[in-house]
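**Student:** got a predicted structure here, sequence first:
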Amino acid sequence: MAADGAWREFSIRTRQRSELVELTDQVNHLLADAGIRQGVCQLSVLHTTAALLVNEAEPGLIEDLLRTLDRLIPADPAYAHPDGNGHAHMKAALLGSSKTLSIRDGRLLLGTWQSLFLVEFDGPRERQLVLQLLSA
């Protein structure tokens, strides 16, 4: 794969209705395969009921995040969306479907406590992601 403008498509199988799946190590392995040492990584999830998030991989925080989103956007109101998963679309829209992160020394440039997550709101499902890489 060429280093400048390289991209990869990969999938993640989620296991629960709502969950966070850590992607940091998997994306760092893809960066190593691409051979990019410095640059920019743009990641997108190709679904409307999943999102991407950078935050701490602490189990209590993850539980708090999912619980807070459930309180803000509960599953039980009658949403106009006909598929019964309107709440999942609302949560994903709130968090967003893409992240752009710097690459330094062949790895995602993240803070001490930061990790990259796929956030599932309508699982379990197979989720497709696209990684676009630009070298500096």
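**Tutor:** Here it is on my side, so go on. This structure is a prediction, so every number in the text was calculated from the model and none was measured. Residues are numbered from 1 along each chain as shown.
**Student:** the strands in the protein, which residues?
**Tutor:** 6-13, 19-22, 39-45, 50-56, 98-104, 107-108, 114-120, 126-135 (DSSP state E).
**Student:** now render the ones you listed as a markdown table, adding mean pLDDT.
**Tutor:** As requested, these are arranged in a markdown table below (pLDDT from 0 to 100):
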| stretch | mean pLDDT |
| --- | --- |
| strand 6-13 | 93 |
| strand 19-22 | 98 |
| strand 39-45 | 97 |
| strand 50-56 | 98 |
| strand 98-104 | 98 |
| strand 107-108 | 98 |
| strand 114-120 | 98 |
| strand 126-135 | 96 |
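**Student:** closest to A75 out of those?
**Tutor:** strand 114-120 (13.8 Å; C-beta to C-beta). From N, CA and C alone the C-beta is placed, and that goes for glycine too.
**Student:** for the closest one, name the packing helices and strands.
**Tutor:** Here strand 114-120 touches strand 19-22, helix 24-34, strand 50-56, helix 86-95, strand 126-135, going by 3 or more C-beta pairs under 8 Å, 6 or more residues apart in numbering; DSSP states H and E.
**Student:** sweet, I'm off.
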